[in-house]
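> I would like the atomic coordinates for the input below:
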Amino acid sequence: MRVLGIEGTAWAASAAVHDAEADDTTILTDAYEPDSGGIHPREAAEHMREAIPAVVREARDRADDDIDAVAFSRGPGLGPCLRIVGTAARASAQTLDVPLVGVNHMLAHLEIGRHTAGFDSPVCLNASGANAHLLGFHNGRYRMLGETMDTGVGNAIDKFTRHVGWSHPGGPKVESNANGGEYIDLPYVVKGMDFSFSGIMSAAKEAYDDGESVADVCFSLQEHVFGMLAEVSERALSLTGNDELVLGGGVGQNARLQAMLREMCEQRGASFHAPEPRFLRDNAGMIAVLGARMAEAGDTVAVSDSRVLPNYRPDEVDVTWRADEDVARETSVGTQRGAEAAVRRVGDASVEKARAPKVYRHPELDDRLRRERTRGEARLLHDARKLGVSTPVIRDVDPREATLTLEHVGASDLGESLSEGAVGAVGRHLATLHGAGLVHGDPTTRNVRVSGADASERVWLIDFGLGFHSSHVEDYAMDLHVFEQSLAGTARDPAPLLGAFEAAYREAGDPRVVAQLREIEGRGRYQ
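Numbering: from 1, shown residues only. This next block holds a predicted model:
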C-alpha cells in the first residue's frame, strides 16, 4: 500500500509518500518561520496556502500518482492551517479516486515511534510545541496517563525565548545557549503524572531580568523542564508495570531530553526509543505511516464527513488498527519498580524506602528533591495518622540518605486488587486529608495498599513524597484527578470504580472539590 500523507497543523507544510510494503517514506517539507515572535495563525495560513499545493504536487509526481489512499492531519492544530490541508487532501483523494483517512496529529507522533522501535505497547511521551502528555493504549483507546495542566512544553520554552528577544522556534536556541551554563534553582512542579510549566517560565524570565546570564537560565530551564518530563515518564512506567518508552514530538529532538530519558530507562532496566529527527518534528511521513495502518483497517472517512478538528484530543480516537495489546503489564509485587524509590523488606514487619539518586537529574536538583520529599513524606504520614487515615507507622527517618523505615502494610497494591469497596475507601481517606488541609500529591493505584483477599477489608495510603499542606480546592481536586487517571489507564472496567470513588468522596468530603475536578478535566490541552 502506498499512502500520500499531508501535514500542516502549524508551521510545517509537508507531504510524503509511504510505501508500506517496502517500509520506505519520502518526506517533503516547506517550513514557515516568522521573522520575530511566535507563530501567527494568519501568516502561517498564508504560508500553507502557497506551500501545501507545491509539496503535494511534488510528492504525487514522485509517486507517479500510484497512490492507494490519502491521509491528512485532521487535528489538533491551528484551524486556518488545518482547513487548507483538509481541502488539499479531499481534492487529491477525489482526483485519484482513493480513500481518505483523517489522522490525529498527536497519535501520529506516537505511532511513528512505536513503528520504528518495534515495541508492542509502550508508554509514550509526546513533547511538542503545543502539547506535553503521556499516553498508553488501554481498552481500545490511547489513555491520558498524564499531561500539562497549562501549556505545551515547546510553547512554554518559546515564552521565555520571546522574552529574551529570540524568534521561533525557541527550543534549539535554548539548547545551544545552555552549553557552558551553570545551575540555578527554578520551580519544579510535578502532580502525580501531571505537570505545570507556567511557574518555571515566570521564574526563568524573572531570573533573566535580574541579571542571571542567559546561559545559566537556559541550562537550568532544560534541567528542570526535562527533569519533570523524565520523572513523570518514570511514574507512568511504574504505574503500568511497563518497560518500554517512546518519545515523540518536535521538542524530542533536544539532545538533553533524550539523554535524560535514556538514562532514566537504563537505570530502571527499561528500553527507550526516539525516532530519527525527521520523524520527530512535524512531518507528513508520520501522517502517511499511521494513515496506511488505518486504511488497512478500513478506518477511512467520507469526504462529506471529513471536517477538520482543531481540538482533536488523542484520547478521543477509537483505535481500529491495534488489538490484543495493552500498556498495563501483569507483574508481581516483587518485580515491580517504584518510580521514586526502592523498597525492601527489613524483617517481618518493616520496609526500608530509599530514594536513590536519579542519574538523569542535575545533582543539585536531585539532592534537593530527595531530601525535601523524604522530610515532607515523614511529616505528612504522621499528620495523616493523627486524622485517622490508614498509613504506615514511621520507624526511622534519615534525610541525608533520603531513607525511611516504615511499617509493612497490606498484602498487595490496589492495582492488583481493584474493587469498588477499596476505591471508595480511598475516596474517604482523601476527603479526610483534604478536610484537614493535607494533599497527598500522588494517589495512584500503586500508592495504595490493600489487605487480604477482600480488598475492602482495609486500605492504606502510602508514598506521600509529593504531598503538601494547602487550603485550595484546586489542590484537592488534583488529587482526585491523579487517582482517576490511574484508574482509567490501568483498570479493565474503570467506569464503576470511578463512580464508587466519587460517590464515597462526595459523602465524606466537600462537594466543591468534585465540581473543581470537572473544571480541571476540561482544562487539559484541546478540551
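> low pLDDT regions in the stretch 401-527 of the chain?
Where the stretch 401-527 of the chain drops to pLDDT under 70, the residues are 452-456, 524-527.
> which residues in it form strands?
Assigned by DSSP state E, counting those that start in this stretch, the stretch 401-527 of the chain shows strands spanning 403-407, 412-413, 438-439, 448-450, 459-461, 468-469.
> okay, those strands in CSV with mean neighbour count and distance to residue 46 next?
To be clear about C-beta, it is placed using only N, CA and C from the backbone, and glycine gets the same treatment. Shown next, in CSV, are the strands of the stretch 401-527 of the chain (neighbours: other CB atoms under 10 Å; distance: least, CB to CB, whole Å):
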stretch, mean neighbour count, distance to residue 46
strand 403-407, 19, 59
strand 412-413, 18, 54
strand 438-439, 24, 47
strand 448-450, 27, 53
strand 459-461, 24, 55
strand 468-469, 14, 48
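> Could you dump those strands into JSON lines with distance to residue 61 added?
As requested, the strands of the stretch 401-527 of the chain are exported to JSON lines (distance: least, CB to CB, whole Å):
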{"stretch": "strand 403-407", "distance to residue 61": "65"}
{"stretch": "strand 412-413", "distance to residue 61": "57"}
{"stretch": "strand 438-439", "distance to residue 61": "59"}
{"stretch": "strand 448-450", "distance to residue 61": "59"}
{"stretch": "strand 459-461", "distance to residue 61": "62"}
{"stretch": "strand 468-469", "distance to residue 61": "60"}
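> among the ones you listed, which is nearest residue 161?
Nearest to residue 161 among the strands of the stretch 401-527 of the chain is strand 468-469 (31.0 Å), distances taken as CB to CB.
> Which elements pack onto the closest one?
With contacts taken as 3 or more CB pairs under 8 Å, 6 or more residues apart in numbering; DSSP states H and E, strand 468-469 sits against strand 438-439.
> Which of the strands of the stretch 401-527 of the chain sits closest to residue 192?
Nearest of the strands of the stretch 401-527 of the chain to residue 192, taken as CB to CB: strand 438-439 at 10.8 Å.
> Please report the number of neighbouring residues for residue 147.
If you count neighbours by other CB atoms under 10 Å, residue 147 ends up with 23.
> which SS class is it?
Residue 147 carries the three-state label strand when classified by DSSP: H, G, I helix; E, B strand; the rest coil.
> I figured it was touching residue 125, is that so?
No. With contact defined as CB atoms under 8 Å, residue 147 does not count as touching residue 125 (10.5 Å).
> which residues are common contacts for the two?
The contact sets of residue 147 and residue 125 overlap at 133-134 (CB atoms under 8 Å, 6 or more residues apart in numbering).
> Just grab the bridge partners of residue 245 for me.
Residues in a beta bridge with residue 245, per DSSP bridges, are residue 123, residue 272.
> quick one: it and residue 121, what's the gap?
From residue 245 across to residue 121, the span is 12 Å (CB to CB, to the nearest Å).
> Which one's more surrounded, those two?
For the pair residue 245 and residue 121, the greater number of neighbours falls to residue 245 (28 against 19), based on other CB under 10 Å.
> So for residue 72, what's the nearest residue that isn't a sequence neighbour?
In space, and not counting its chain neighbours, residue 72 is closest to residue 89: 3.5 Å by CB to CB, 6 or more residues apart in numbering.
> Residue 16 too?
Closest residue to residue 16 apart from its sequence neighbours, by CB to CB, 6+ apart: residue 284 at 3.8 Å.
> In this structure that neighbour contacts residue 7, no?
Yes. Here residue 284 lies in contact with residue 7, judged by CB under 8 Å, at a distance of 4.0 Å.
> Compare the two and say which is more crowded by neighbours.
residue 284 (35 against 30).
> what's the pLDDT at the more buried one?
Predicted confidence (pLDDT) for residue 284: 96.
> on that earlier part again, residue 220: which of the strands of the stretch 401-527 of the chain is closest?
strand 468-469 (22.7 Å).
> Can you list the strands that that closest one pairs with?
Checking strand 468-469 against DSSP bridges gives partners strand 438-439 (antiparallel).
> how far is the strand it pairs with from where the chain is centred?
24 Å (CA atoms, centre = their mean, to the nearest Å).
> what sits up against it?
380, 383-384, 387, 433, 467-470, 475-476, 478-479.
> and those residues, which are buried?
380, 383-384, 433, 467, 470, 475-476, 478-479 (16 or more other CB atoms under 10 Å).
> For these, work out which two are farthest apart.
383 and 478 (18.6 Å).
> Please name the residues that touch the residue nearest to residue 16.
5-7, 14-16, 27-29, 55, 59.
> Make JSON lines from the residues you listed and add pLDDT to it.
Output for the contacts of residue 284, formatted as JSON lines (pLDDT from 0 to 100):
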{"residue": "5", "pLDDT": "97"}
{"residue": "6", "pLDDT": "98"}
{"residue": "7", "pLDDT": "96"}
{"residue": "14", "pLDDT": "96"}
{"residue": "15", "pLDDT": "97"}
{"residue": "16", "pLDDT": "97"}
{"residue": "27", "pLDDT": "94"}
{"residue": "28", "pLDDT": "93"}
{"residue": "29", "pLDDT": "92"}
{"residue": "55", "pLDDT": "96"}
{"residue": "59", "pLDDT": "96"}
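> For the residue lying farthest from the centre of the chain, what are phi and psi?
Most distant residue from the mean C-alpha position of the chain: residue 64, 39.7 Å away (CA atoms, centre = their mean). Backbone torsions for residue 64, taken as degrees, to the nearest 10, come to phi 50, psi 30.
> So for it, what's the pLDDT?
94.
> again with residue 355
pLDDT for residue 355: 95.
> so it makes contact with residue 341?
Yes. Residue 355 is within contact range of residue 341, at 4.7 Å (criterion: CB under 8 Å).
> Touching both of these two, which residues are there?
residue 465.
> For residue 179, the count of nearby residues, please.
As a burial measure, residue 179 scores 9 neighbours (other CB under 10 Å).
> Is it part of a helix or strand, or is it coil?
When classified by three-state DSSP, residue 179 comes out as coil.
> Now do the same for residue 101: helix, strand or coil?
From three-state DSSP, the assignment for residue 101 is strand.
> Might you report the residue contacts of it?
Contacts of residue 101 (CB under 8 Å, 6+ apart): 3, 69-72, 291, 294-295, 299-301.
> Now the terminal residues of stretch 391-410, how far apart.
End-to-end span of stretch 391-410 (CA to CA, to the nearest Å): 10 Å.
> Distance of the residue nearest to residue 16 relative to residue 426?
In this view, residue 284 and residue 426 are 45 Å apart by CB to CB.
> any chance you could map the helices in the stretch 251-400 of the chain?
With helices called from DSSP state H, counting those that start in this stretch, the stretch 251-400 of the chain shows them at 255-268, 277-280, 284-296, 363-386.
> Which of the contacts of residue 284 sits closest to residue 234?
The nearest member of these to residue 234, counting by CB to CB, is residue 7 at 30.8 Å.
> Alright, that wraps it up for me.
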